[in-house]
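Asks: Predicted coordinates and the sequence they were generated for:
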Amino acid sequence: MQNKGLITLFAVLFGLVSLYQLSFTYFASSTETEAKAYADAKYPATMPNERDVAELRYLDSIGNDPIFMGIDYNTAKEKELNKGLDLKGGINVILQVSVKDILQGLANNTKDPAFNLALKNADELQKSSQDTYLQSFFTAFDALDGENSLASPDIFFNKNLEDDISLDQPNDEVKVIIERKIDESITSAFEVLRKRIDKFGVTQPNIQRLGESARILVELPGAKDVSRVTDLVTKTAQLEFWDVYKSDEIAGFVMQAESKIREINKAKNPVKEEVEAVQEEVEEAAQDGDDSLDDLLGGEEVAEEEVDASVEYPITSKMVRPGVSGSPIIATFYEKDADEILEYLNMPQVRSLLKGDMRYANFVWEQPTTLEVINADGEEEEIKVVNLYALKGNKQDVPPLSGDVVVDALQTYGASGEVAVSMQMNGKGAKVWQEMTNQANLNQSQIAIVLDDVVYSAPGVTSPGGIPGGNSSITGNFSILEAQDLANVLRAGKLPASAEIIQGEVVGPTLGKEAVRSGMLSFGIALLFVLLWMILYYGKAGAFADVALAVNILFIFGVLAGLGAVLTLPGIAGVVLTIGMSVDANVLIFERIKEEMYKGKSQKDAIKDGFSNALSSILDANITTGLTGIILLVFGTGPIKGFATTLLIGILTSLFTAIFITRLFVDRYTKNGKSLDFSTGLTKNFLRNVNIDFLGKRKMAYIISTVLIVVSLGSLFTNGLNQGVDFVGGRTYTVRFDQDVDANKVEESLVEVFGSAEAKTYGGDNQLKITTKYKVNETGTAIDQEIENKLFTGLKPYLPGTMTFEAFTSDDATKVAGRMESYKVSPSIADDIKKSSVWAILGSLLVVFLYILLRFRRWQFSLGAVSAVFHDVIIVLGIFSLTYSFMPFSMEIDQSFIAAILTVIGYSLNDTVVVFDRIREYFNEHTSWPLGKVINEALNSTLSRTLNTSLTTLIVLLSIFLFGAESIKGLIFALIIGVLVGTYSSLFIATPVMFDSVKNKGIDLSNKKEDELEEAAEA
């Protein structure tokens, strides 16, 4: 091997750089261990929040102190190897920015019938279409009857877009402009979210726009407060300043509204029905001689009184207290009645009672507050109440002043020590603010500060001439943390449109720690086995391969750290799988060296030719696996990208270490003629003289494979597959109990609550994976809270008796029972995941077909390889279909399973390509041999390599399967089946199919024509 000194220098430098990159992880981890020990010593385990705060304060205090050679904690933390949510815990969401909202904003919230009908039709199209919302809107608009122009003054030719769009501009030109404006708005939303998250306080946050779509991925490793994160990323932050009506100005309308609602309710006549029901009970009781007849009659009176109150006084009967004269609070109501009251006040029949400018009044609620009352049992009880306000709206429904003018915001304290948020406005805003506050002072009225349609405060103004300088503040019933978040949101600006969470995942820190432990255990066991196996099988040469393998692992983690890639649980599986697959290159080389020695070559020549002749097979095998890894990287998301990243890095580093590092050790050892055996006493003649007639057994293999495929297809068409929420949408929760539970009984309890639910044992008998499609099409914090409340209610009989809902949903690192993980996927993104998965598999098959066609120049090779891959994929799917109902681990078809299928494709091709490469070589070496002999000899000569590689890979996979985390057992099981079936198909399917297609056509597979062309070119 030439340039040994250069390769040695490069390897040493690469190793040092890798160690340097990983040193940051070591320093950050050791410092965090010290911080945790400090916090644990200061506070008991019963005060987890105080511990978290103390830990953060400790890290902040020593963040810039040098640890080693000028490296401080902050620098180390920034450059450490990133851990994904499944290893660290945290929150991951995909947000869908509402393109519909943006379109309405661009059209100035027009009432144009054509525009709004197109929006309505676009909503319907989106239910069954894979197009973007904007494409669906354009399709719907074009399909409307008549001549409809997007450049109409009632649609997009308005004051917002008059510089971009001209009157009666063709629709095709307007579409281009609207597409650009939509893209700008989504980019703006991305920037707003990025600014908010930068100030959130978690390390290594990740935010990225997913392609050109209106979707934004947000990952916050280590984040624990789900509701806080949800508010942060979905709050529109629509800040508005409105003048308000006083209670006595609106009190007359409230009385009129109540009379109108009374009429409407009486028209429905609910009293008659209820009284008749009571009378029926009375008659039955009289006939039976019931002694409690008097009680029942009394109950009738009570019932009538209750019904009369709700019908006669539909508004005032729900009041906690009326407003005070001169106050902006119209009345105070119970929070539970807020939606019903607002629905009453916004009924068209009721709003028609408003006259003059009051027609534009907007009724909104203040933030809920807690009120202590004495209940019927004489005990103190806390209830939530809300105050009702009436904003002085206008025809355009535009506030006199909005949050666009805010240039800075800070958490501060009010005059009475209450938590507040102070704001500073720009020059334009300051002028309008002074005018508004001056008018409020003259009229002795108030100005409501409204955020996302909720009143935070409505202060009066006592300063003559108004408040100059653009200074203002918001006070409300919020904590310091909430005020800091609000200030952060106001500084970052409002989102240009609403954003909803269409996919979300919450991983508790407990599961993250367990995943790290199980991942490292499986990694250690797999590595130990491979190291011992290589020494057992190849002796000293195997020890050299072990050194190269250790260097390979160092390079993989060094590259991951240097690139800032995220290590996930599937990523660890990818590294462990790489260990098994990286052995393949050394096995190919060592087996080839042994073959050259058997031919009678000297040790030096055998080593040289062995490395040289094995190179083609090594490259072909790794390129095919790498191609499927690239497709996985393109189509995958989250942890699956981590799997693909580590797989691709592992392929590259494995090539370097096997071809160059192993060669350096082998050459150095044999430099002075020292003998080096590439086997041990146990393995010296293992599989050396095998002579299996593979082609003679192909008909039997075809029959076996046909039976397996027919059974698999039959099961797929009848049983189907257990599709996870990735593909159908829904919510999944991992819940742990303090004792073993019966999954069937728990499922029955949950079905009573949700109507539809599934519970399966997940890991130990004290842990379940619970899936429900309850309200699958609805999103929002309130919906998530409602479903988790129902989940808690359904599981309460099986949880510790003292467990509260807060403890059940908390993400305390020390908790041993409760909700440990949650995952949500909306149907819209589930369809996209399913579509991209199908394209990923088809794309990988196409790419592999083309690569093999290009590499071997014969379509018969491609046909054989793709046939084997189809064979393997169908059987893996069939086994999952046949066994998912009784296997003791999750066999859901999700993104991880798709990753497994693509890896199976790559592995199957790896085996097949090695055989094909040997066949091609034998065709040109043994031109007189018949086709069948060439193929059989090629299969027999590679059998040792095939079985050796398959065995090591299988043992590695079994290590992960037995000792790894529960969440990747399905993925690993698919890989185990894939390796077994792939090894079989490379021997009995791929090559026989290629043979039959060549034999029937009589095609020459040698390189004679290519050699003739080369000779002609030289002449």
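Replies: Right, received. Where do you want to start?
Asks: Is Q169 located within a helix, as I assumed?
Replies: No: per DSSP: H, G, I helix; E, B strand; the rest coil, Q169 lies outside any helix segment and is coil.
Asks: The residue nearest to it when sequence neighbours are not counted and A361, how far apart?
Replies: Counting by CB to CB, 6 or more residues apart in numbering, Q169 lies nearest to A151, which is 4.2 Å off, once chain neighbours are set aside. All C-beta spots, glycine's among them, are computed from the backbone N, C-alpha and C. Here the criterion is CB to CB, to the nearest Å. By it, A151 lies 34 Å from A361.
Asks: ok, so what distance separates the residue nearest to Q169 from N109?
Replies: Distance from A151 to N109, by CB to CB: 18 Å.
Asks: So between the two, which is more surrounded?
Replies: Comparing A151 with N109 by other CB atoms under 10 Å, the one with more neighbours is A151, at 18 against 12.
Asks: So that one, which state does it fall into?
Replies: Reduced to three states with three-state DSSP, the structure at A151 is coil.
Asks: Quickly note the distance from it to E173.
Replies: Counting by CB to CB, the gap from A151 to E173 is 8 Å.
Asks: what's the answer for A331, then?
Replies: 53 Å.
Asks: out of the two, which sits in the more crowded spot?
Replies: More crowded of A331 and E173, by other CB under 10 Å: A331, with 20 against 13.
Asks: Over to that one: give its phi and psi.
Replies: Main-chain dihedrals, A331, degrees, to the nearest 10: phi -170, psi 170.
Asks: count of neighbours near Y360?
Replies: Applying other CB under 10 Å, we find 15 residues neighbouring Y360.
Asks: quick one: it from D742, how far?
Replies: From Y360 to D742 the distance is 60 Å (CB to CB).
Asks: now the helices: where do they sit in the stretch 551-700 of the chain?
Replies: Secondary structure of the stretch 551-700 of the chain (DSSP state H, counting those that start in this stretch): helices at 569-598, 603-635, 639-656, 662-670, 698-718.
Asks: Which one, of those, ends up nearest to L85?
Replies: helix 639-656 (7.9 Å; CB to CB).
Asks: and that closest one, which residues are buried?
Replies: 639-651, 653-656 (16 or more other CB atoms under 10 Å).
Asks: who are the neighbours in contact with Y823?
Replies: Listed by CB atoms under 8 Å, 6 or more residues apart in numbering, the contact set of Y823 reads G504, E505, V506, V725, R731, T732, Y733.
Asks: Can you tell me the element it falls in?
Replies: strand 818-825 (DSSP states H and E).
Asks: for the helix or strand following that strand, packing partners?
Replies: Using DSSP H and E, the helix or strand that follows strand 818-825 in sequence is helix 827-856. Helix 827-856 sits against strand 90-97, strand 499-507, helix 603-635, helix 725-728, helix 859-883, helix 895-925, with contacts defined as 3 or more CB pairs under 8 Å, 6 or more residues apart in numbering; DSSP states H and E.
Asks: Also compute the angle for helix 827-856 relative to strand 90-97, please.
Replies: Comparing the axes of helix 827-856 and strand 90-97 via axes from the mean of the first three to the mean of the last three CA atoms, to 10 degrees yields an angle of 100 degrees.
Asks: So L647 is in contact with G629, correct?
Replies: Yes: contact criterion CB atoms under 8 Å: L647 and G629 qualify, at 4.6 Å.
Asks: What mean pLDDT does the helix or strand where A526 lies get?
Replies: Taking DSSP H and E as the criterion, A526 maps to helix 509-538. Averaging pLDDT along helix 509-538 yields 79.
Asks: which helices and strands sit right next to that helix?
Replies: Taking 3+ CB pairs under 8 Å, 6+ apart as contact, the helices and strands that helix 509-538 lies on are helix 85-88, helix 540-563, helix 569-598, strand 818-825, helix 943-963.
Asks: and the shortest one, how far out from the chain's middle?
Replies: The offset between the C-alpha centroid of helix 85-88 and the centroid of the whole chain comes to 12 Å, using CA atoms, centre = their mean, to the nearest Å.
Asks: likewise the longest one?
Replies: The offset between the C-alpha centroid of helix 569-598 and the centroid of the whole chain comes to 33 Å, using CA atoms, centre = their mean.
Asks: One more: the fourth one?
Replies: Centre-to-centre, strand 818-825 and its host chain are 12 Å apart (CA atoms, centre = their mean).
Asks: by how many degrees do it and strand 90-97 diverge?
Replies: If you take the same axes, to 10 degrees, strand 818-825 sits at 30 degrees to strand 90-97.
Asks: Thank you, goodbye.
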